[in-house]
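>>> Fold the stuff below for me.
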Amino acid sequence: DDVGSIARAAAVIVCVPTPVDRYLVPDLAMLRAACSTVLRHVVRGQVIVLTSPTYVGCTQDLLVEPLTEAGFTVGRDVFVAFSAERIDPGNDRVAQEAVPRVIGAATPECEEEAAALLGRAVDEVHRVPSLAAAEMTKLLENTFRAVNIALANEFADVCQSLDIDVHTVIGAAATKPYGFMAFQPGPGVGGHCIPCDPHYLLWQLRAARIEAPVISEAMTQIAARPGRIVHRIRESLVQQAGTAPRVLLLGVAYKPDVADVRESPALEILQQL
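Predicted coordinates:
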């Protein structure tokens with residue numbers, strides 16, 4: 001909490017939540033506050049790396065431009081890069097140091113400084129030619145997962161209507177050694193990444209009057225998924241008319257073995273029930 005420690009640091013890594021509000025609009029308050037604090041205490045020679053998933057151009061807007069306006073020459077006086085965190089909570093099968101870090105920087109000099117810093121923590125750094133490319137990489141990673149989860153959920157509904165076990169189908173498809181990645185259907189999507197990050201992209205695209213119909217529909221279906229689960233529960237309870245309905249809800253965290261309920265679909269299901 002000692003902000004004076006920022007001025008004594010050789011490197012500053014900004015890693016704060018980037019949620020969306022109840023209307024699925026990006027909430028940048030914490031990120032703006034963190035960057036503002038760093039800027040108030042920046043000293044020459046520091047390396048500043050933004051790791052919070054955000055919109056394309058955010059590092060430029062919140063760090064590079066304010067530093068330039070304050071009289072710093074980025075790439076000589078201070079070094080700025082973006083390298084999104086790549087953490088899978090609850091996954092102990094892949095060591096953190098084995099996960100490459102994608103780095104995009106404001107200048108070639110910034111890239112070298114950031115690669116030297118993060119290279120001490122991971123086995124490999126993957127460099128891309130710009131801040132924007134690194135920011136978009138993180139958005140693609142989580143949007144890819146969101147779209148495929150939405151597709152898996154849709155297949156679950158289709159298989160149910162045709163009286164087919166969807167897990168059997170997914171397991172069979174997963175035997176193909178190329179061109180297929182298994183995603184499992186569920187009651188919705190939780191956590192601080194998949195339900196949020198694609199909305200940072202959609203928010204930016206709306207401002208630019210650019211359409212992304214596949215992403216937009218996938219996120220719409222993900223948001224509607226808990227309501228569909230509640231509807232199926234209600235249908236089941238109707239079939240048990242005359243009895244006092246009791247529903248046991250297990251697994252309120254957003255994923256197994258993680259004590260985190262951020263954006264957990266179980267909370268919405270509980271509220272609707």
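
>>> and the least confident helix or strand in the chain by mean pLDDT, how far from the chain's centre?
The weakest-scoring helix or strand in the chain, judged by mean pLDDT, DSSP states H and E, is helix 4-8 (a mean of 88). Counting by C-alpha atoms, centre = their mean, to the nearest Å, helix 4-8 is centred 29 Å from the centre of its parent chain.

>>> Run through the neighbouring helices and strands of that helix.
helix 29-41 (3 or more C-beta pairs under 8 Å, 6 or more residues apart in numbering; DSSP states H and E). Any C-beta I mention is one placed from the backbone N, CA and C, and that applies to glycine too.

>>> The helix it packs on: which residues count as buried?
Within helix 29-41, the residues that qualify as buried are 31, 34-35, 38-39, counting by 16 or more other C-beta atoms under 10 Å.

>>> And for the most centrally placed residue in the chain, nearest residue in space, chain neighbours not counted?
Central residue of the chain (C-alpha atoms, centre = their mean): residue 193, 2.3 Å from the mean position. The shortest distance from residue 193 to any non-neighbouring residue, by C-beta to C-beta, 6 or more residues apart in numbering, is to residue 142 (5.0 Å).

>>> what do you get for residue 184?
Per C-beta to C-beta, 6+ apart, closest to residue 184 is residue 152, 6.0 Å.

>>> Against which helices or strands is the helix or strand hosting that neighbour packed?
Counting by DSSP states H and E, the element that carries residue 152 is helix 131-161. Contact here means 3+ C-beta pairs under 8 Å, 6+ apart; on that basis helix 131-161 packs against helix 58-59, strand 79-82, strand 101-105, helix 166-173, helix 197-207, helix 213-238.

>>> got the contact list for the fourth one?
Contacts of helix 166-173 from elsewhere in the structure, counted by C-beta atoms under 8 Å, 6 or more residues apart in numbering, are 152, 155-156, 159-160, 180, 182-185.

>>> and that helix, which residues are buried?
Under the neighbour-count criterion of 16+ other C-beta under 10 Å, helix 166-173 has 166, 170 buried.

>>> Off-centre distance for it?
27 Å.

>>> With the shortest one instead?
Between the centre of helix 58-59 and the centre of its chain there are 16 Å (C-alpha atoms, centre = their mean).

>>> For it, the averaged confidence score.
Averaging pLDDT along helix 58-59 gives 98.

>>> helices or strands up against it?
Using 3+ C-beta pairs under 8 Å, 6+ apart, helix 58-59 sits against strand 79-82, helix 131-161.

>>> okay if I get those as CSV plus mean pLDDT and distance to residue 5?
Formatted as CSV, those follow (pLDDT from 0 to 100; distance: least, C-beta to C-beta, whole Å):
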stretch, mean pLDDT, distance to residue 5
strand 79-82, 98, 19
helix 131-161, 97, 26
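
>>> Out of those, flag the one nearest residue 73.
For the helices and strands packed on helix 58-59, the distance to residue 73 is smallest for strand 79-82, at 10.5 Å, taking C-beta to C-beta.
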